[in-house]
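K.L.:
With the sequence up front, the predicted model follows.
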Amino acid sequence: AKDEMFAYTDTKQSPWYVVNADIKRHARLNCISHLLSLIPYEDLTPDPIKLPPRQVDSGYVRPPFSEQTFVPDRYGKAVKN
């Protein structure tokens, strides 16, 4: 059914793109890269800025984790390079 649909609806003006998704992580990254490549843009990378030297630590103590609200780590532990 997919091939028949492609035969009738895949045009140069609005093409279907097929993604090799045997390796899901690569497939997702390839899709993101491809979609971004279709968007015309002007490089607006700013010139490097010069930062002042870092200030000396003046006794800052980070709040305990139990008092902070974190975004759920759904992928950090699962994603392997």
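P.N.:
Perfect, thanks for sending it.
K.L.:
got the residue ranges for the helices in this structure?
P.N.:
Per DSSP state H, the chain carries helices over the ranges 2-9, 24-37.
K.L.:
got the contact list for the first one?
P.N.:
In this case it means helix 2-9. residue 16 (CB atoms under 8 Å, 6 or more residues apart in numbering). C-beta: built from backbone N, CA, C; applies to glycine.
K.L.:
re earlier: right, so the helices of the chain: which one is the most enclosed?
P.N.:
helix 24-37 (a mean of 11; mean count of other CB atoms under 10 Å).
K.L.:
Only C-alpha atoms, please: export that one in PDB.
P.N.:
This file holds the C-alpha atoms of helix 24-37, laid out as PDB (Å, rounded to 0.1, in the frame of the first residue of the first chain):
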ATOM      1  CA  LYS A  24      16.800   4.600  15.200                       C
ATOM      2  CA  ARG A  25      19.200   7.200  16.600                       C
ATOM      3  CA  HIS A  26      20.900   7.600  13.200                       C
ATOM      4  CA  ALA A  27      17.500   7.800  11.500                       C
ATOM      5  CA  ARG A  28      16.400  10.600  13.900                       C
ATOM      6  CA  LEU A  29      19.600  12.600  13.400                       C
ATOM      7  CA  ASN A  30      19.400  12.100   9.600                       C
ATOM      8  CA  CYS A  31      15.800  13.400   9.600                       C
ATOM      9  CA  ILE A  32      16.700  16.500  11.700                       C
ATOM     10  CA  SER A  33      19.700  17.200   9.500                       C
ATOM     11  CA  HIS A  34      17.700  16.800   6.300                       C
ATOM     12  CA  LEU A  35      14.800  19.000   7.500                       C
ATOM     13  CA  LEU A  36      17.200  21.700   8.500                       C
ATOM     14  CA  SER A  37      19.000  21.500   5.100                       C
END
